[in-house]
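Chemist: the sequence and its predicted three-dimensional model are supplied below.
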Amino acid sequence: MVPAASPRDVRTIRRCLLGLSILAALSVAVLAKAFLQPVLLALFFRFILAGPMRSLTRLRIPPAVAATLVMVIAFGGLVLAVNRLAEPAAQWAEELPVMASKLERSVRHWRQSVSPVTETAERLEDLTQWQDGPSGEVRVVEGDSLLSSFLRGGGAFISTTLLTVVLLYFLLVFGDSLVDDFAEFLKAESHFRGTRRLVREVEHSLGDYLFSIAVINFCLALVMTVGMYLVGMPNPLLWGVMGGVLNFIPYLGLIVGTLVVGIAAVFTYPSLLSALAVPAIFYCISAIEGAFVTPAILGRRFMFNPALIFFWVSLWTWIWGPVGALLAFPLLVTIRLTREVLSSERFRQTVEAEQERTDREEGEAVKSPGATLDSRPESVIITSAIG
């Protein structure tokens, strides 16, 4: 007879299973990157557009027409913004070689100032090396050409974009019915009671959060545009939009945005003091928004440990690149919302009520004299067959 496991052993097994599940999930995320990226991007935009979608459906507009209107307005505005920012972005791209040459001259000047120290270190290194050692063979391996790399990356971008748009349309039109069908499919299993309630509460909370964040970042982009204009920064709209987009990535986006604006300001302003004022203003606007505006609107519910956020965003950036950086924080918020809903008393009461209602329906189906085997619920049929 196998002895019963102690509570300590059960906890150890659960922790091991949790660790293995995390490793398996990360492995799937790496291997299924081409499929999961557009799926999660479509879900991300679906949550943002869920509010306008519900408003249109309340006006008795068909879901297909409402989804088309929402997507045309959203992506039309995105295309107009990209078209408006393409010219200043191209101008900065053309100035990159000039900036690189200036930076190279600065580095060369710095190296000349420390050349005596460098020469001394090289002499010491020559004295400590073997002079008669075998010479290594140098092999030149040709990599992919720039054109082939661009075409390969462009093809992946186009396929991801098309799949995201198509999935987003179907999620906007059939998302609610998909959740209902999935919950109905899992209804017979007691472990999945309340699936519809869980998904609905997480969906509404996450949708409200992402829509609020999108509005906050839009206003932040406007304020940053005005700030860059007041300090005389060229193409202020470009830097404002960049700040608003990067604000979707907590902490890491602020660091990257401040560095990019600071580098551009160094090559734009004649004095270092004037150049440092630009990233300082950029940083202060973002810091004020993160410390006061967002907590005042959303509360402390979505506040996380900064170290946890930085690690989480860095992890998903390493796995999926920029797309992972964009989706990292919404994934973290989804995990917290799911945990809150599962641990809430209202959710437990809903699950218990649904359990009692299902048991009562199954009992009435069994006691009914006219009930046949095919008219009883699936769980009753299975139980009867086993008994």
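Modeler: It's in.

Chemist: switch to C-alpha atoms for all contacts and neighbour counts from now on
Modeler: Fine.

Chemist: just checking, next helix/strand downstream of the helix or strand encompassing Tyr169?
Modeler: Element membership for Tyr169, per DSSP states H and E: helix 146-185. Remark: after helix 146-185, the chain's next helix or strand is helix 195-230, criterion DSSP H and E.

Chemist: can you give me the offset of the helix or strand just after that next one from its chain's centre?
Modeler: Using DSSP H and E, the helix or strand that follows helix 195-230 in sequence is helix 236-246. Centroid separation between helix 236-246 and its chain, computed with C-alpha atoms, centre = their mean, to the nearest Å, is 18 Å.

Chemist: the helix or strand that helix 236-246 is followed by vs helix 236-246, what angle?
Modeler: Where DSSP H and E defines the elements, the next helix or strand beyond helix 236-246 is helix 252-266. For helix 252-266 against helix 236-246, the angle by axes from the mean of the first three to the mean of the last three C-alpha atoms, to 10 degrees is 160 degrees.

Chemist: please renumber the chain so that the first residue is 50 from this point on.
Modeler: Got it, first residue is 50 now, which makes that one helix 301-315.

Chemist: which strands and helices sit next to helix 301-315?
Modeler: For helix 301-315, the packing partners by 3 or more C-alpha pairs under 8 Å, 6 or more residues apart in numbering; DSSP states H and E come out as helix 285-295, helix 321-337.

Chemist: what's the mean pLDDT across the next helix or strand after the last one?
Modeler: Looking back up the chat, that one is helix 321-337. Helices and strands here follow DSSP H and E; after helix 321-337, the next one along the chain is helix 343-347. For helix 343-347, the mean per-residue pLDDT is 83.

Chemist: which helix or strand lies directly C-terminal to helix 343-347?
Modeler: As assigned by DSSP H and E, the chain's next helix or strand after helix 343-347 is helix 355-369.

Chemist: may I have that next one exported as CSV, CA atoms only?
Modeler: Extracted C-alpha coordinates of helix 355-369, given in CSV (Å, rounded to 0.1, in the frame of the first residue of the first chain):
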residue,chain,number,x,y,z
PRO,A,355,9.3,48.4,-10.0
ALA,A,356,11.9,45.6,-9.9
LEU,A,357,9.3,43.0,-10.9
ILE,A,358,8.1,45.2,-13.8
PHE,A,359,11.6,45.8,-15.1
PHE,A,360,12.4,42.1,-14.9
TRP,A,361,9.1,41.1,-16.6
VAL,A,362,9.4,43.7,-19.4
SER,A,363,13.1,42.7,-20.0
LEU,A,364,12.2,39.0,-20.2
TRP,A,365,9.5,39.5,-22.8
THR,A,366,11.6,42.0,-24.7
TRP,A,367,14.3,39.3,-24.9
ILE,A,368,11.8,36.7,-26.0
TRP,A,369,9.7,38.7,-28.5
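
Chemist: quick one: buried residues of it?
Modeler: Applying a neighbour-count criterion of 16 or more other C-alpha atoms under 10 Å, one finds 358-359, 361-366, 368-369 buried in helix 355-369.

Chemist: just the buried positions in stretch 105-113, please.
Modeler: For stretch 105-113, by 16+ other C-alpha under 10 Å, it's 105, 112.

Chemist: compute the first-to-last residue distance for that stretch.
Modeler: The first and final residues of stretch 105-113 sit 11 Å from each other (C-alpha to C-alpha, to the nearest Å).

Chemist: what stretches of the stretch 250-399 of the chain score poorly on pLDDT?
Modeler: By pLDDT under 70, the low-scoring segments of the stretch 250-399 of the chain are 395-399.

Chemist: so what's the residue count around the closest residue to Gly311 other than its chain neighbours?
Modeler: The shortest distance from Gly311 to any non-neighbouring residue, by C-alpha to C-alpha, 6 or more residues apart in numbering, is to Pro328 (4.9 Å). Residues near Pro328, counting by other C-alpha atoms under 10 Å, number 22.

Chemist: ok, Met120 - contacts?
Modeler: Going by C-alpha atoms under 8 Å, 6 or more residues apart in numbering, Met120 touches Tyr218.

Chemist: could you check the pLDDT of it?
Modeler: For Met120, the predicted pLDDT is 91.

Chemist: sticking with it, tell me its helix or strand.
Modeler: Assigned by DSSP H and E, Met120 falls in helix 112-162.

Chemist: tilt between that helix and helix 285-295?
Modeler: For helix 112-162 against helix 285-295, the angle by the same axes, to 10 degrees is 110 degrees.

Chemist: by contact count, what packs against the helix or strand that contains Gln86?
Modeler: Assessed by DSSP H and E, Gln86 sits inside helix 82-107. Judged by 3+ C-alpha pairs under 8 Å, 6+ apart, helix 82-107 is in contact with helix 112-162, helix 195-234, helix 244-279, helix 371-392.
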